[in-house]
Structure formats: C-alpha cells, structure tokens
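Asks: how would this look folded up:
(chains A, B, C and D, ligands or ions: 5)
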Amino acid sequence: MLDNAIASIENLRVEFQTKDGPVVGVEDVSFKVFPGETVCIVGESGSGKSVSSLSLMRLVEFGGGEIAGGRLVFNRRDAGAADLAKTDQDLMRTIRGNEIGMIFQEPMTALNPVFTVGRQLTEGLRLHKKMSKADAEARALELLRQVRIPEPERRLHQYPHELSGGMRQRVVIAMAMACEPRLLIADEPTTALDVTIQAEILALMDRLKRETGTAVMFITHDMAVVAQMADRVVVMFRGNKVEEGTVQEIFENPTHDYTKALLAAVPKLGDMSGTDLPRPMKLFGDTTHSTDPIPGTDEPILEVKNLVTRFPVQGGLLRRTVAKVHAVEDVSFTVNKGRTLSLVGESGCGKSTAGRSILRLVEPESGHVQFDDKDVIALNSRELHKVRQDMQMIFQDPFASLNPQMKLSDQVAEPMRNYGTHKGSAMMDRVAMLFDRVELPRSFMNRYPHELSGGQRQRIAIARALALNPKLIVADEAVSALDVSVQAQVLNLMMELQAELEISYLFISHDMAVVERVSHDVGVMYLGRIVEIGPRRAVFENPQHPYTQALMKAVPIADPNQRKSEKDLNFKPIPSPIHPVGYEPEPSIYKEVAPGHRVLITDSGY
Amino acid sequence: ERGSDGHVNIIYWQAPSILNPFLSSGTKDIESASLVIEPLGRYDPNGNLVPYLAQEIPTVANGGVSEDLKSITWKLKEGLLWSDGTAVTSADVKFTAEYCMHPEGGCAQLAKFDGVDNVEIIDDLTVKVNFTEPKPNPYGPFMGGQSPILQMAQFKDCMGAKAPECTEANFGPIGTGPFVVDEFKTNDVISLSANPNYRDPAKPAFATVTFKGGGDATAAGRAVLETGEFDYAWNLQLAPDVLAKMAEGGKGKPIAAFGSLVERLEMNMTDPSPDLDADTRSTRKAPHPFLSDINVRKALSMAIDRNLLVEIGYGQAGRPTCNLVPGPAVYASDNTDCLTQDIAGANALLDEAGWVKGADGVRAKDGVRLSILYQTSTNAVRQDFQALIKQWWSEIGVETELRNLNASVFFGGDPGSPDTFQKFYADVEMYANNFDGTDPQAYLSMYRCGNEPQPSNQWNGENINRFCDPEYDKLIDELGRTSDLEKRYALAKKMNEMLTKESYVVVPLVDRGRVSAHSNSLGGVVLNTWDSELWNAADWHRVK
Amino acid sequence: MLTFTIRRLILAIPTLLFISLVIFLLLELAPGDPMAQVPLTVPPEVKEKMRLALGLGEPGYIRFWKWLVQFFWIEPQVLIDHYFGTTFSEGKLRVISWQHRAPVMDVVVQRLPQTLWVVGMSYVVGVLIALPIGIYSAYRQYSMFDQAGTFITMIGYSIPPFFTGPLVIVIFSVQLGWFPFIYDTTHVVNDWDSFIYQLRQMIMPVMVLALQTTAQISRYMRASMLDNLNQDYVRTARAKGLSERVVVLVHVLRNSMIPVVTVIALGLPAIFGGAIITEQVFSVNGIGAQLIGAIQANDLPTVQTLTFMFAFLIVFFNLIADVLYGILDPRIRYD
Amino acid sequence: MTDMSNMEPTKPERSQWVDVWDQFKHHKGALLGGIIFIVIVVGVFLGPLVWPYDAQFIDIRARNQGPSWAHPFGTDQLGRDTLARMMAGGQTSIAVGLTAMLLALGLGSLVGITAGFFKRLDGPLMRITDLFLALPILPLLLVMMLLFREPLSGAVGPERGIFILIVVAIGVTSWMPTARIVRGDVLALKEREFILAARSIGTSNTNMIKRHILPNVLSPIMVSATLGIANAIITESALSFLGLGFPPDFPTWGRLLNDATQYLQDYPERVFWPGLAISLTVLSVNYLGDGLRDALDPRIRGR
Ligand SMILES: Nc1ncnc2c1ncn2[C@@H]1O[C@H](COP(=O)(O)OP(=O)(O)OP(=O)(O)O)[C@@H](O)[C@H]1O
Ligand SMILES: Nc1ncnc2c1ncn2[C@@H]1O[C@H](COP(=O)(O)OP(=O)(O)OP(=O)(O)O)[C@@H](O)[C@H]1O
Ligand SMILES: [Mg+2]
Ligand SMILES: [Mg+2]
Ligand code: NI
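Replies: Numbering: from 1, shown residues only, chains lettered A, B, ... in the order given. Ligands and ions are numbered 1, 2, ... in the order given. Have a look, this model is predicted:
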C-alpha cells in the first residue's frame, strides 16, 4: 500500500441472515490503522464495533454473518497487502493469532475452562512460531510477566477458573500478544474491571505499542479510557462511521450530534469537586429533568456493625471446613434514609458479598444488621421474607439475574405476585407504570431478556427492584456494563427516584467518576475491610488511607491532555483472603480524621 | 466304525442346565443326559419296551415279574463297562435307587420309584426291585430316560442334601452311553466325544458331538434347515407355514412323531368369581354358574373346528383329537364325533337348554350370561387358538374375555399367585399335558374326586377342572388292581370317554406331536416320543 | 477428590445392603415357582419334596441371611483360594443355583468372556460410531448429514432388537450366507483363522446392539456439542489461528465430552448385565441369557446374585461417573 | 431520555403462545413431524369408524394375503385385516406410549428437580434412583401385576385396569435417566444468579421451581420425551410377549411387529407396517420435540 497502513477497512458492509430476513450489522464503515498508533472505536451499543473487528478476523462468518461488501486490506508482514474479505480460511488461519491478535469483549468467558492457562497460551506459539514445548512455555512465562500477573510460574498450571477476573483478563491479553501481532484488536478489554487493574492493562498496551510498533484497534465505551489511550478516534452510530479524527479533535471539537451527546454523558472525576451532595447529570438535549442536588435525611435506615462473612473451604472425609475465605471482615457502616453510600474497591475485595450479606442472600458469620428497627440477622425465614419486601437488590450482572425464559412483564410483576401487594389488572397497571418510570416502551413488556440491549436489561432489573416500593436498594455494579449514554440515563433515573421517594442506596461500583456523581458517602474496601469511610467529598478530596490514594490515582481522566504515565502506577498484588479455620484477624480500629470521615489504622493487608 | 464320521452338531433351543436327570426333570436335561447315561431299558418309537443295559425286559411271562406283581428282577448285560473302564454292577443299580429315594435329595424322578420298598442285589448282575403293593405296571424304576443308572463310585458322596454340591459329577456323569462329556457349560453348550468303552465297538459313528443350547425355535430350525450349521434340531414349535418355508431351504428335513401330549380346554366346574372369598372361590363349595350345565360345555366343544386349529397351529406336528389319552393306540378310544365343527348344532343345543340370546348377542338364562374368561400361558400358537375359539364361541352367543399369563407364573405352583393354572381363577383354561411312558393310570387318576387343588392342600391337587364323579373314582381303583392288559385298555378307554365325550369337562383339541429336524446328511434318526429323542444316537451316522 | 471418593464408597455399603434387601423382598413377593418348568407329569408331592430340598421350607429372613453370608463372606474366600491356592472356603456352602445346582459365580465367570466380547464390543463400536456422528451432526447442524444421521439413529432407536436380530440373520446368514448366527461359545481364538471366525460370528450381534447405543450416545453428543460450539472460547481458539480440526476436536470436544463421558460411564454396567434379547436371538448365552433364564425358572439365588452384582456395578459406575466429572471439569471440586 | 426509548420500533402485543406457534411454524421438521403425528393419530382413532373390518374379526379363508383392494395392508395368519389391526394397535400403542412417557417424564422431572434443588434430598433421592436402576424389571412387574391387577380390574374394569397397570409399570421403570439428567441441569442452574435474584425478591421454593427452574430444564426433558415414547411402545410389546400385557386379542404395534417377526421371510410386508408405524411415530415425535424445544426457548425464538 502506498500509505503503508497496516489495515484499511473500506466500505465494509456485514449482513446477518436471520429468519426475518437479512439484518445489517455494519452498513458502511471505512477507516485505516497505521503502525504504532492506537485507533479507538467508540459508539453506542449495537453500532457495529464488534462486528467490524470480527470481520477483520474473518470470524464473523462463524457467527452467521457475511461480509456483503467492501474491502479489508491488510498489509502482511512479508507477503504484501491482501484483501482479507476474499482470502480463504486456510490463509486466514496463518494470519489470525499470528499477525492479528484479538482481545475479546467478554474476557471472562473467552478462555476454555478445561485447559490450563499454559496450554492455551502456548498453543498459538507452537502453531505459528513452530516452537518446541519448552520454548513456548518459556515465552508464555515471559508474556505473563509482561502483563504483570503475580506468581506467573504457578499460573501456567492453573485453570482459568482458579484465576481472578483481572488475571483472566490479562491472560487473554497475553494470548493476543503472544505472536507479536502487527495489529492488536482490543474489544472492550477493561469493561467491568476495577480501576487499578484497568490502569495496569492500559499502561501495558501503551508500552507494547511504543516498544514493538504494534498497531492497536481499541474498542470501548469508556471515554476516559479513550482520552488516555487514543491517537485517533472513530465514532460509530447504527452501523455507520459518523465521525473520525484525532483524540484532541474529537474531545475538543465534536461535530456530529451523537458524539456531542456521548461526550456530554461522560462523568468526569472531579466534576463534583467542591460540592457535598450528588446531583443528576445534565444530558445533551435533555431539558425535562431537574438537576437539583439531593439532600437526603439523617435518619438511619440501615446500620451494619462488625459484619463478618466467610466462605468455607471444605475438605476431608466428613466435609469439614479446612479453611475460610474471609470475604467480609469486620465491616461497619450506616446508610441514612434518602442517601447513597457507595462501596468502592479492588475486584474481589468483598463488595458484592457485603451487599448480599445484608439481605442475607449469603449468611454472614457474625455481626449486626439493623434494618428499619429489625435485626435482620435474627429473623426466621418467614420474617426475612417480609423484610425483603423493603430491601431489594440490583445484581452485578443484569443479564444473569434475569430468567431467560420469562417475559419481562412477568419478571417485573414477580415481586408483587410474591407479596400479593397488587393483583390482576392493578398489578399490570403498576408494571406498565414501572416501565414508564424506567423509560422503557410498554411494547417491551412481552419481550425476553435477550431481546434487549444491556442498558435496557439493567433498567428492567431496576424496575423489578422498585416494584415493591422498597426503602433500600443494594445496587451492585448497576451501571458498569453500560455504554456512557445509557449509563448516564440510568444514573439520573436512580437519583430522580431518590429525590422523589427517599430511597436509600448501597451503591457498589468500581467506577470512581460514577461514584463521585451519585454518592453522599463513600466506603473504600480492601481485602474485606473498609479502610476508609466518610462523606464523599471528604474521601475524594482528602484521601487518607494509602489504598484510597492509590485508587484515586488510578482513575483515568476523560481528557486527552491529562494522560497518566506508567510511572504513576504502583500496585501491589492482593494478598490471599484464605485463612485456616482458627485464624482470627484483629478487629478494625478507625481514626476519625474529620467528622464522619474515618480511616483504618490497623493492618489492612495493603 | 467308531468315530469315523467325525463331528455332529445338535441344537436344543432350551439349553441343558444339568446332566443328572434326578436333579432336574426338564426334557432338555433328560435328553442331553441320555447321550451319556442309560437306563436298563427304553421305550421304542412305538411305545414298546426294549432292553438297554438289561439282557431282556422282565415280564410275568418270562418270570422277571413275580406273579403277585410285587417284585421285578432285572439282569444286566455281561461285560458292561462305564466309560472310565470300570465294570457296571448291580450295586450301581441299587445305588441309583437309593440315591433318588433319599428323603433329603429332592429327587425329581421320585415318582418313578413310587411304591418301591427296596432294591435287593441278587448277584453282581442281578437286582430285584420289591414293591410295597402289587404293581400292575412295574416299569417305573430304571426304565426310560428319566431313570438312568448312575455310577456308584462317582456319586456315593452325593447323597441327599449333598446332591447339589457335586457339581462336577452332575455336570459330567460317567455313563455307559455312546458319548462321554468333555466339557459342560451349563445352560449353554456340551462338548462330547465317543465313549471308548461303549458296548458296541462299531458305535457310535461320530467321534465328537457339540450339543448347543439356547436361542429360540426359529433359530434352531434355521440353523438345520436353512443354513446347515447344525445337524439336528429339537422340538421345532413353529407355525406350520414358517416351518414349511424353512424346509424349502433344502438343507434338512423336519420329522414328526406323536405321543400322548394333548392340548385341551379344561372347563372349570367351580365358580371362579372374584366376588367369592378366597376359601370358596374356585373350590367345590361353589359350582360354576353355567359351566356346570353340560349343554353349555358340549356346545362350546361343538363350536370348535379342530382341523383348522391343527392346520393353523401345528401342521404336521398335530392332529385333531377328541381323546385325553390319544396313544398308545391300544389305549386310544375311537371317539371322533367332535372332529366336525357344528355351530348350528351348538346353537340349537343352547336354545334347547334355555340359553337365550340377548340384545348384545350373548346368551343368558336366569340372569346368568354366558361370559367366559379364557386363560392360557403366553405362546404364539395358544394366542392364535384363543382368538379363533373366541370367534367361534361368539358365533354361538358366548362372550369371551382372553387372558394370557407368563408361563413361569401360570405353571408355577405359587399359592400366593392368583394366576396359576391350579387356582383356575378363570372359566376355561388351555394347556397341554401328557404322561410318562406308555401307561396312563396315574394320568387318569388325576381327576379323582378330592384331588382338586384347594386351599387346604395349598392348591396342589391335580384335578384341575374339579371333576367329581363317584363312578369315575371306582374305575380308578379298579384300574389300580387290574394287571390284565386287555382289561386295562378297556378301563382306560372308558375313563377317557367319561371325561371327554360324556361330560365335556375336558375338551381335547389337538394331539400334539413332536417335530424335530435333521440335516440331509445325518442318517439313522428315528424320532421317539415315548423316550429321549436321542435314544438311538449311537446309531446316528453321516450319510455319504 | 480422594476423600470424596472414599466418602461415597463408605456410603455405598449401606446403600448396597439396602438394595440387596429390597431385591430379596421383591423376589420373595413375586409370584412364580422354581417348579414351574417341571413337567406337569411330575406329581405335586414330588414337587413339594424338590422345593424343600432347595431350602424353600425355611423362612425368608434365614434365607436372606444365608445369602448374605454366602455372597459377602464365602464367595470372596473362594476368590482368594482361587488366586492363592489357599483353602479358606473348603467345605463351605456357596451361592448355588436352583437350576443347575452349580455355584452361581462359577457360571458368571464362565459367561463373562462371551458377554464382554459381544456386548462390550458392541458398546465400544456403538460409542465409536456415535461420537463422530454426533460431532459432525452438531458441527453441521441441519445439514444433510445431520438430517440423515438423525433419521437413521432415531429409526435405529425405535426398531427393537427382536426385529433387527432376525432381520440381519435372514439377510446375512440365510440369504447371503456370510456369517454364522449361532454363536459358538466353545470357539477358541488361537490363530488368524480362528480370530477371523470369531469376528464373523460376533459381527451381527455386535451390530444389532451397537445400533441402540449409537442412537442414544450420538444424540447426547450432538446436543452437547451444540451447546459448546457457540461458546466464546471457541471464537478465541479460532482467533489464535487454530485449524477447524483442532478447534472442534480439541477445544470443543473436550468440553462436550464432560456430560457424554458420564453418560457413557453410566451405560457401562449394562455391558455386564448382558443384552437379553440379542443374546437370545443369536444364542450367545451370556449373562443376560443367564439372568432371563433364571428369572423364568424362578432360580432365586441366581437372580438375587446377578441383580445384586448389577446393582453393585450401577452404584460403582455412578461413583465413577461423578469422579470422572470432577476430573474432566476442573471447575468442579468435591472437597 | 425519551429519544432512547423510541429506538426500538414498537410492536403490537403478542402472546407467548402465538410466539411459540410462530416459531414452530418456521421449523420445517417440526411442522412435518406434527402433521405426520396428527395424521397417524387421526387415522388410528377415526379410521376404525370408516374401515369396515374389525381388528378381531377372523376370516380364516383370507389368511396370509398380500396387499389387495379388500385388504390394503394384507391379512395375518388368521385372516384378520392388517389395516384394521394397525389402527386398533395404534390406539393402544399411542395411548400407552404417550401416557407412560408422560408418567416417566413427570416422575423423572419431579425426582430430578427435587434432588437437584433441595440439597438435603439429593443423596437419598439419588440412592433411590440407583435402587430403581438396579431392580430387576421382570419380577417387579410380576409383583405389580400380582398386587394390583385384580383390585384395579374391579375398580375400573379389566381393560382399563390393565392399561393403567402397564402405563404405571413402564413409567415406574423408566423415569431414572430423566431424573439423572434433570438433576444435573438443576444443580448447574441453581448456581445461576437469577435464582438468587428471584430469592431476593421473595420467591418461595414452589414458585421458584415452577417459574424459574422448570422452564429452564425443559430441553433435556424434551429429549427424554422423544426417547421415552419409543421406549414405552417397545416395552409394551415386550410385556405382551411375556404375558404381562394386554389380553392376547388386543393388538398393539409392538405385538404386531413381534408376531410378524416370525414371518419375516414368508411375508416380509407384514413386519413392514408396524415397523413403519413405530418409526414414523417416534421420528415425528422427535422432530416435534425438536421444534417445540426450539420454539419454547425464547433465545432461539428471537432469532
Ligand atoms: N450473530 C448475529 N446475528 C444477528 N445480528 C447480529 C449478530 N451479531 C451482531 N448482530 C447485530 O449487529 C449489530 C452490531 O453488533 P455489534 O456486536 O458489532 O455491536 P457493538 O457495537 O459491539 O455493541 P456493544 O457495545 O454492545 O458491544 C447489532 O445490531 C447486532 O444486533
Ligand atoms: N460463594 C463463594 N464461595 C467462596 N468464595 C467466594 C464466594 N463468593 C465470593 N467469594 C470470594 O469472596 C471474595 C469477595 O468476593 P466478592 O464477590 O464480594 O467481590 P467483589 O468485591 O464484589 O468483586 P468484583 O468487583 O469483582 O465484583 C473473593 O475473594 C471471592 O473469591
Ligand atoms: Mg461489542
Ligand atoms: Mg461483585
Ligand atoms: Ni428522558
């Protein structure tokens, strides 16, 4: 090629054959990727980002798609340019994994559960680089070191499920980079990862690009990441490219309406600096909703004291517990009526477990949970059933928490059926009202979860949680999987409801910008303990605990002019939360640095 | 010349499980054992007695049987050797009797030794069997395939309760027959070879025998008639057209012979209604509501076309009969009126007797409907018979419900089961029975009054249809006392007629013969229904 | 995993004892009589004596206890004696069949080879045919091959062996004369020719039986493959540039085999149980024929012993299946 | 926010069953299977009203005939019309096959779901499954016949009594595989998050099973159903063969096939009809099940 692009996509059109006729996945997309640059592709959900990248790998055919038009010119390492849209699969095989590496959108499921990490890593090496087993293993080890996985030797012989989410993600990345591809496609590689790991991975890819000249095609919904990573940005909307430009151009001078909407929806860390109370976001073109701050009350609704939850690790002849996972360790906090407490922290630090323990969806080992004058821990199953009417949970993964075989209206109506609060047409009216509330068209009532986009699913989960007019909602990563525009809508809805109904939230999230936007109070968790807790403003603007400080530092900023360098990052691997049965950790002791702002002074493991 | 004809393959679709007939009365076991062990005398295909190990058949005429009929003296042939080379002596004969008569042995052939007081050794080759009472038919012990002579040396530690423990002896008895057992796989296959000490040095012609068991009659027939894998197949109970088709295979031919086996209907003279309590149901306390009317029984018999039954079910292996005792010829009554079907006659008979057809076409009288439950064991031919007979009976206004039962339940004597043929919780049942040897005395005595199965004897009687006639009982006693053969023939015929054409409590259908098949190259086969089919295996040879 | 296995093994003992009791009670209750096959010519008194000689006079619990002792105490001694030439079992009463008056276990041992040859081989053949069919049908779902495979396997499943058996006999033995159809259990394989003969006499029963196995396993295989072919890790494997063969036969198959292997393991006890109808049609006289013969003859010691051994195998193979599950799927941990 | 909610075109309300039917219609195999199955059922149940011959009527002169206008399927060894017998046999076979399959399915699903769902019951229930797998079927059937035939005949009449017995016998001896498969699936399903979610909104155990577990284990149950109906039809014939089944003059497909096997060489057409009928039924049910499964699964339905 004259312009020495590694890959140039020209007028790509991809169709899917379905029973209702062909569906266009990508209508008309063209862009180029040059060596040593990072092209970020952003866009709304379903706009064809994944399909474009899969087409480049010619993997879209295996999902029932068909490249209906356009050219995919790829500049091969030593064989000149080739139109990948027309090459046969045999040739593709020598390109895939070798010259183009791909990190998939759902890294959690991208690994084969029955092969060891080492086996999956070496496979491509032995195939493409004709390495011997020993050589390949040595190289795999090197790769694992590069992606900063702790104890790489041990990991080689472990199975994917034995690794934490972040480690799995890094294995996938190592796999994609194994053969030093000329082009690396990363499809939302950091979705649902907490900021510290995200930061590490971004730094790694950046380094790779700099050191080997690999071109990176980076697909994401996170504008902060885009700002951190991109050289150029391609914006997609409903199967078409609507805008393309350098990262500065896009951020500073968006031309297309959609791009503007997208940028407006991005919550930025620091937006709320100087304010005490959360406030709904101002959205592009939205004038109907108020953005007044939400005051909340001082009346406690939920008091958690010294909560401890441990998961038994069983073994032995009689299935005795030989060790315990200390998931939640001596955690205390209070949530007031109409206010939001956010829990943040590293992946696996026990946020979800804490939330579930409060609802007794997992049984805590000890501690007090006082909800609305009731001691939740002491309730029998009938009373518990009654209390749950006032406590609802939105689960981390909205898709997983919806029954795939049940109509949405039934799922939203189910709590009412269970408690008999509404019956017959009254119930259906309320379901319709809830759909309106979360701004889903009523025609969706007869749909099934898979027929919805991620954001819509999330809204169903919220509608279900609202069905009983609860006093407390535990929202576990309620927005992490959404693209920014949808995320902003959902956050606004939640805050709107809080303002209206005085609902309290226990908000669990890894996204610090979101947390800043929505919370009155923030608790930072590390290894099962709250290391710092206090009013949001105090914690964010004056972090005291070293872990909180590291966390704040890792947050990417949605501004291409404020890029972080790798040197800023310095994370330690998390120690194991597994302890033998008799082990009794010391209690948490806090120092109050400011009114309500307390910091752990005993050992947290950090 | 012994062993010159090589190998012969025999297939029995029921596999022999043991080679000791005293521990099993299965035909397959007795017949397979007959290749190895022999009795003093056998019956020939005509039912005549022929000496085997004995020099001659003892009779009153030759002095072998005492005048008072209380003893019989057998003389062994001289120079007889067991297959292991030792001599056969009268001690072996005496031992055999003691072996079977041991109270704990559970001997299957005990009936053969019925009335035996003791067995005396007269000399090395002579034994005398003493009976407790006069025996008009003294040929029970040591006659026929069921009571061969065992070698004392081999079985002396196997008496009574120990009998089952002697697996080796039971699976490989030492005998005097034409073959010796090389290997016995129970319920599967026997390998035999010619007995080096067989009394006729020129026999047997075959050096080795494979006696295969298992499969079904169809497979056995195919193996002989169609593929020629086997030389001899036993008891091919197959539909006549199937057998005919197989015979077209041309590899062999079916052969048939008749004995005393009669397929019959038994009419229940007592009431099997489930409404009755267990002590009354199907016992003489309650007479049958309509089968106690002889007209009904007779009409039922008249409606049946026995020729057609034979044609459909047995072909050359059966012949229509009206007799319970169809043979030997001297005992067979010339009763043949039932052989022509007479539906009109049957209808007329029932009309006359006051059984009037109702709206549903079923006859009734005084509120009693002619509705019959007709049971038999599970078997393709029997089910065809049931269907045909049901149709004929429907033509005379009789309604029939059919039931077929698992053979092992139907013929088993489990007093807990309602489905045994002895309990007879049905109106009519069909099965076949015959008698051992050629003398029908015991057989006819079954229908003695009081011998019916009932709760007090755990349903163990033999008078299945609960027939009761003092006249008949008198004749039984008389037969037991009579030794004059002509008189015995006459008595038996009379009794046969009382049960059949005079009372129709037993409705004979078919005199069932035996069909076996042998390959074209197997010579010397003479089918014998009065004794083991392999009775003359020593004479078998290859046709060149 | 080891402790799990040991725990299950220990639990299996009371289970098996209970099963043996239930089987015993069931057989006691079932109508039928060991004298059913005795000709009607044998008078009832004689039959009664024969019954007593079989031990039927004793009450049920004594017979059950005797059986327990014989099976669990004496038979193992016989086994030890057999292998080490000791004489522990001398003079002790073993489990004796009522039909042929020989120790049941001896007959089982005698018949095991032919059962394993025919039924075992058919299972192996069936599985070997089923797996490729299942794999390919799923890989090319709704293709001609898949449709034809479904059609043939379902027909194979719906046509019982009592029909297919005679059918192949008529075609291959009677019409074409290719194979013998009366299985020769005395046949000894000692050279090439005799091996060929063994193959020829096995081929028909093996094929008839394999048809059933194939039908079932291939359905399972297909379903399982279909589940896994759409998984994300398949795409990952393809993205590595692996060939389709490796993707399907290594990555997908390994995952799909997890449920199928347990299904296969659960089907294994049936091999030892024999194949009742097919064994009869081809006169194989294996364990299946022994069992059905014993049931028909009401040979309770044989039936009890065989069904109990079968129960043992079922419990054992269920355990194996669970353990296999754990081994094949690293996510599953029993401890 | 209104802009986003209108992205999906508004479709008219549709009921679940319309949906299912819609999907079903598109499944060619299922449609064909359904049609064949309906044709068989209608033919078998309504045919005798039209066809002049009775299944039990013996015309001995017309025996062993090949196909002709009078007897399109020929006659058997007693001259009974094969077509009439096929229809009568079909009634019994289909009725037995369906009900026994449903019973086995019901039992199997019940045991499987209970064992999978309630951890405490898993051990005992699976041991019971082992027990039933280990029980010798023949003696079990004999005992059932012994204990229940007469009381049932008394209560509901002999034919219906036998029908119930046979159905129960087949059902009771063939639920175990279904139970095992379902249990495995439930065990996996129980770990899914939507079950936890359902619990958090206060769903009781019964509702949990009814609304969340059962619909999600439908697909293995469907497979068992297809295999089960074939199994039931064949088992029925084996029972008749052993004398544990229907009265001997009561034709069923299995028995017709069994009887005809004897005449395989002489009258091969005689085995053809029952064999064809059984295979067609099983195949049509198989495709029907395939289609239904696809139709009932909204994930597939959406595509
Ligand atoms: N296998 C398929 N069959 C039919 N349509 C498909 C298929 N895969 C993708 N599509 C459609 O193609 C379009 C583009 O999908 P794609 O996965 O590329 O979206 P995306 O931009 O990656 O969205 P997200 O941010 O949610 O990952 C969507 O409308 C989707 O519905
Ligand atoms: N059921 C369980 N059994 C054993 N260990 C568990 C279980 N659930 C969670 N854990 C462990 O408890 C710890 C806390 O898990 P939890 O799900 O609460 O993390 P989290 O903070 O929500 O992380 P993430 O951000 O990834 O959702 C982890 O080490 C996890 O491995
Ligand atoms: Mg995507
Ligand atoms: Mg979590
Ligand atoms: Ni809005």
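Asks: what pLDDT, on average, does the longest helix along chain C get?
Replies: Longest among the helix segments of chain C by residue count, using DSSP state H, is helix C:192-229. The average pLDDT within helix C:192-229 is 84.
Asks: now do stretch B:533-544
Replies: Confidence over stretch B:533-544 (mean pLDDT, whole number) is 88.
Asks: Name the residues of it that are buried.
Replies: Within stretch B:533-544, the residues that qualify as buried are B:533, B:534, B:535, B:536, B:537, B:538, B:540, B:541, B:542, counting by 16 or more other Cβ atoms under 10 Å in any protein chain shown. All C-beta spots, glycine's among them, are computed from the backbone N, C-alpha and C.
Asks: And the spatially closest residue to residue C:162 that is not a sequence neighbour, how far from residue C:307?
Replies: Once flanking residues are discounted, residue C:162 sits nearest to residue C:277: 5.1 Å by Cβ to Cβ, 6 or more residues apart in numbering or on different chains. Here the criterion is Cβ to Cβ, to the nearest Å. By it, residue C:277 lies 18 Å from residue C:307.
Asks: Who has more neighbours out of those two?
Replies: The residue with the greater number of neighbours, taking residue C:277 and residue C:307 and applying other Cβ atoms under 10 Å in any protein chain shown, is residue C:307; the counts read 25 against 20.
Asks: Surely the more buried one is in a helix?
Replies: Yes. Going by DSSP: H, G, I helix; E, B strand; the rest coil, the assignment for residue C:307 places it inside a helix.
Asks: before we move on, the earlier item: in terms of contact, does the residue nearest to residue C:162 touch residue C:166 like I think?
Replies: No. Counting by Cβ atoms under 8 Å, no contact exists between residue C:277 and residue C:166, whose distance comes to 10.6 Å.
Asks: next structured bit after the helix or strand that contains the residue nearest to residue C:162?
Replies: Under the assignment given by DSSP states H and E, the secondary-structure element containing residue C:277 is helix C:276-281. Next helix or strand after helix C:276-281 toward the C-terminus (DSSP H and E): helix C:287-296.
Asks: close to chain D, is that next one?
Replies: Yes. Part of helix C:287-296 sits near chain D under the criterion Cβ under 8 Å from any Cβ of the partner chain, namely C:291, C:292, C:295.
Asks: helices and strands around that helix, which ones?
Replies: Contact here means 3 or more Cβ pairs under 8 Å, 6 or more residues apart in numbering or on different chains; DSSP states H and E; on that basis helix C:287-296 packs against helix B:407-410, helix C:104-115, helix C:269-273, helix C:276-281, helix C:300-328, helix D:137-156.
Asks: Out of those helices, the one nearest residue A:462 is which?
Replies: Distances from residue A:462 to each of the helices and strands packed on helix C:287-296 were compared using Cβ to Cβ; the shortest belongs to helix C:300-328, at 38.3 Å.
Asks: and that closest one, which residues are buried?
Replies: So for helix C:300-328, counting by 16+ other Cβ under 10 Å, buried means C:300-326, C:328.
Asks: if I look at residue A:603, how far off is ligand 1?
Replies: Going from residue A:603 to ligand 1 by Cβ to the nearest ligand atom, to the nearest Å gives 42 Å.
Asks: Could you report the neighbour count for that residue?
Replies: Per other Cβ under 10 Å, the neighbour tally for residue A:603 reads 11.
Asks: Then residue A:584?
Replies: By the other Cβ under 10 Å criterion, the neighbourhood of residue A:584 contains 6 residues.
Asks: now do residue D:41
Replies: When neighbours are defined as other Cβ under 10 Å, residue D:41 has 17 of them.
Asks: In contact with it, which residues?
Replies: residue D:94 (Cβ atoms under 8 Å, 6 or more residues apart in numbering or on different chains).
Asks: by contact count, what packs against whichever strand or helix holds residue A:531?
Replies: In this structure, residue A:531 is located in strand A:529-535 according to DSSP H and E. Applying 3+ Cβ pairs under 8 Å, 6+ apart, one finds that strand A:529-535 contacts strand A:320-336, strand A:521-526, helix A:546-554, strand A:590-594, strand A:597-600.
Asks: So which bits of the longest one are buried?
Replies: Buried residues in strand A:320-336, counted by 16+ other Cβ under 10 Å: A:323-336.
Asks: The nearest residue to residue A:432 once chain neighbours are set aside: neighbouring residues, count only.
Replies: Sequence neighbours aside, residue A:442 is the residue nearest to residue A:432 in space, at 5.6 Å (criterion: Cβ to Cβ, 6+ apart). The local packing count at residue A:442 equals 15, with neighbours defined by other Cβ under 10 Å.
Asks: just to revisit the earlier point, please see if the longest helix of chain C touches chain D.
Replies: Yes. Using Cβ under 8 Å from any Cβ, helix C:192-229 comes into contact with chain D via C:216, C:219, C:223.
Asks: residues in contact with the helix or strand immediately after that helix in the chain?
Replies: Elements were assigned by DSSP H and E; along the chain past helix C:192-229, the next helix or strand is helix C:232-239. With Cβ under 8 Å, 6+ apart as the test, helix C:232-239 has contacts from A:57, A:59, A:62-63, A:96-97, A:101-102, A:104, A:106, A:109-113, A:123, A:172, A:175-176, C:228, C:246-247, C:251-252.
Asks: Go through the residues you listed and flag which are in strands.
Replies: For the contacts of helix C:232-239, membership in strands holds for A:101, A:102, with DSSP state E as the criterion.
Asks: For PyMOL, what selects the buried ones among the contacts of helix C:232-239?
Replies: For anyone working in PyMOL, the buried entries among the contacts of helix C:232-239, judged by 16+ other Cβ under 10 Å, can be selected with:
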select buried, (chain A and resi 57+59+62+96+97+101+102+104+109+110+111+112+113+123+172+175+176) or (chain C and resi 228+246+247+251+252)
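Asks: Would you check which of the contacts of helix C:232-239 are in contact with ligand 5?
Replies: Of the entries in the contacts of helix C:232-239, none also sits close to ligand 5 under the rule Cβ under 5 Å from the ion.
Asks: Okay, now the sheet partners of the strand holding residue A:531, with direction.
Replies: Paired neighbours of strand A:529-535 in the sheet (DSSP bridges): strand A:521-526 (antiparallel), strand A:597-600 (antiparallel).
Asks: Show the contacting residues for the residue in chain D positioned nearest to ligand 4.
Replies: For chain D and ligand 4, the shortest gap (Cβ to the ion) falls at residue D:193, measuring 10.8 Å. Applying Cβ under 8 Å, 6+ apart to residue D:193 gives the contacts A:395, A:396, A:397, A:400, A:401.
Asks: With distance to residue B:272 and mean pLDDT as added columns, please give the helices and strands packed on strand A:529-535 in JSON lines.
Replies: Below are those laid out as JSON lines (distance: least, Cβ to Cβ, whole Å; pLDDT from 0 to 100):
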{"stretch": "strand A:320-336", "distance to residue B:272": "65", "mean pLDDT": "83"}
{"stretch": "strand A:521-526", "distance to residue B:272": "83", "mean pLDDT": "90"}
{"stretch": "helix A:546-554", "distance to residue B:272": "91", "mean pLDDT": "84"}
{"stretch": "strand A:590-594", "distance to residue B:272": "92", "mean pLDDT": "86"}
{"stretch": "strand A:597-600", "distance to residue B:272": "91", "mean pLDDT": "89"}
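Asks: do you know which of the ones you listed lies nearest residue A:387?
Replies: Between residue A:387 and the helices and strands packed on strand A:529-535, the shortest gap by Cβ to Cβ is with strand A:320-336, which sits at 15.0 Å.
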